[in-house]
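1. Provided below for reference: sequence and predicted model.
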Amino acid sequence: MSTTLNPQQQSAIAKNQYSKKILLVSYYCPTRAHAGGLRILDIYKLIRDEFPDVQLDLLTFHRPAVDWSLDDARSIFHNVYLSDREQLTPAVLQGLSRGTVNYDVIDLQFHESGFQIKAFRKIGKKIIFTPMESMPKAAVLSLKTNYFALNRTQILNNINIFIRAYQEIRISMMADEVVCVSESDAAFLNKLRFLSNITGLDTGISTLEFSEPLKKDFQFTPAQNRRCNVLYIAYFGSATNTDALKWYLDHVHSKIRENVPGYVLTVVGRGDLSAFSKYKDESVEFVGEVDILAPYIKEAGVGIAPALSGSGFRGKVNQYAVYGIPSVVSSIAHKGLAYQDEENIFIADKPEKFADQCINLLNDHALNNRIGEAARELCLKTYTWKSKLPAIKRIYNLGSEAAE
């Protein structure tokens, strides 16, 4: 429920005299088209609903061809400033707003926004930096995975990751608070003794895209009435996800196909999947980019997250869970999540075990329903944005108890 305004607050808003001003600077336009876009929209929608006397402004690099609809952003932010250049600076903001700009909180999302932290320090009292994916953690995981790699592509990828990790650490040292998208990323960065301003804010289930299963009276579809398929949702512009898909197709897929009649792997998500064309047959369907994920999730037999490396928050696991779809995930994909192996999720790293768990869930409807129901129960308890409101209030200096 939204906060009730007193007469003074209502009068201030009518005169455009807001109690606080927050600026979001996001290198990727916060829309449903981009990884992390829903996370940003949900956070700011919650702030708008709970604190309507706080002004919310957005500065972002607009890519009309790939950003999809801006309707969500326009309904949440009081002012939306769309830049046609990648470099987002206070000067760009001033040119678009045509006035002097100062903010109580400035939220820099993605590394590219963080590069301008010194400039934004001049117009913001508190500077927040969200890297989306912790590159220092990704660098360590990549080093462990590709330690003996002689492949030129892998070596260059490692070099790029370490450069990004160094840049992230420098930005983090200048920020008032670094907000990681998972508690596990925050825990990793907190081990770096020279960083003392790290917060973990796990990504919640989107109220914008998944409003239906968040209702108390929602009933998920029982396994016997869903498809006999394994669903993998991911952004395939990421090497982490394409590597995971290749691993699954090379080492897991055939065993499931041999043991489950009619089984299909369904792959959904933005990105170039042409490299996987050789795998396409009646048992693999590459859906690609879709506007809405819900229809594919709620009819799926099993959801997977077979990550081999990388960091960040595996939001797809919660998206499966809120619809009562059980998941099979790798240890890396599970890291930082509250789900417990064999209670409300299955964790497997070896191909044989990963395949066996998928086979069991596809063949045993009672097991599928039990794990799926338990996963949904934990998801609703732990991963709603409403449950994270106290942390959001503190991070953005909102409410009477927030630190000023």
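-> Okay, I see it. Numbering: from 1, shown residues only.
2. find the nearest non-adjacent residue to Ala300, please.
-> Leu231 (3.9 Å; C-beta to C-beta, 6 or more residues apart in numbering). (Glycine included, C-beta is placed from N, CA and C.)
3. quick one: contacts for the one you found?
-> 266, 268, 296-297, 300-304, 320, 325 (C-beta atoms under 8 Å, 6 or more residues apart in numbering).
4. repeat that for Cys358.
-> 230, 252, 256, 302, 304, 328.
5. adding neighbour count and pLDDT, write those residues out as TSV.
-> Shown next, in TSV, are the contacts of Cys358 (neighbours: other C-beta atoms under 10 Å; pLDDT from 0 to 100):
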residue	neighbour count	pLDDT
Val230	26	98
Val252	25	98
Ile256	22	98
Val302	29	98
Ile304	29	98
Val328	27	98
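6. which of those fall in strands?
-> Within the contacts of Cys358, residues falling in strands by DSSP state E are 230, 302, 304, 328.
7. between these, which is closest to Gly36?
-> Nearest to Gly36 among the ones in strands among the contacts of Cys358: Ile304, at 20.9 Å, using C-beta to C-beta.
8. give me the distance between that closest one and Arg376.
-> 17 Å (C-beta to C-beta, to the nearest Å).
9. please apply the same query to Gly269.
-> For Gly269, the distance to Arg376 equals 22 Å [C-beta to C-beta].
10. do Thr242 as well
-> Taking C-beta to C-beta as the criterion, Thr242 is separated from Arg376 by 29 Å.
11. now stretch 292-303, how far from the chain's geometric center?
-> 18 Å (C-alpha atoms, centre = their mean, to the nearest Å).
12. of all the residues in that stretch, which ones are buried?
-> The neighbour-count check on stretch 292-303 (16 or more other C-beta atoms under 10 Å) flags 293-294, 296-303 as buried.
13. same check, this time on stretch 118-125
-> 119-121, 123-124.
14. any chance of those in TSV, with secondary structure too?
-> Listed next are the buried residues of stretch 118-125 as TSV, based on DSSP: H, G, I helix; E, B strand; the rest coil:
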residue	secondary structure
Ala119	helix
Phe120	helix
Arg121	helix
Ile123	coil
Gly124	strand
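15. got the CA coordinates for the biggest helix by length in the chain in PDB?
-> Criterion DSSP state H: the longest helix present in the chain is helix 152-174. Extracted in PDB, the C-alpha atoms of helix 152-174 (Å, rounded to 0.1, in the frame of the first residue of the first chain):
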ATOM      1  CA  ARG A 152      43.300 -17.000 -27.700                       C
ATOM      2  CA  THR A 153      39.700 -16.100 -27.200                       C
ATOM      3  CA  GLN A 154      39.600 -17.200 -23.600                       C
ATOM      4  CA  ILE A 155      42.900 -15.500 -22.900                       C
ATOM      5  CA  LEU A 156      41.600 -12.200 -24.300                       C
ATOM      6  CA  ASN A 157      38.300 -12.700 -22.400                       C
ATOM      7  CA  ASN A 158      40.300 -13.100 -19.200                       C
ATOM      8  CA  ILE A 159      42.300 -10.000 -19.800                       C
ATOM      9  CA  ASN A 160      39.100  -8.000 -20.500                       C
ATOM     10  CA  ILE A 161      37.500  -9.300 -17.300                       C
ATOM     11  CA  PHE A 162      40.500  -8.300 -15.200                       C
ATOM     12  CA  ILE A 163      40.500  -4.800 -16.700                       C
ATOM     13  CA  ARG A 164      36.800  -4.400 -15.800                       C
ATOM     14  CA  ALA A 165      37.500  -5.700 -12.300                       C
ATOM     15  CA  TYR A 166      40.200  -3.100 -11.800                       C
ATOM     16  CA  GLN A 167      37.900  -0.400 -13.100                       C
ATOM     17  CA  GLU A 168      35.100  -1.600 -10.800                       C
ATOM     18  CA  ILE A 169      37.300  -1.500  -7.700                       C
ATOM     19  CA  ARG A 170      38.400   2.100  -8.500                       C
ATOM     20  CA  ILE A 171      34.800   3.300  -8.900                       C
ATOM     21  CA  SER A 172      33.800   1.400  -5.700                       C
ATOM     22  CA  MET A 173      36.400   3.200  -3.700                       C
ATOM     23  CA  MET A 174      35.000   6.500  -4.700                       C
END
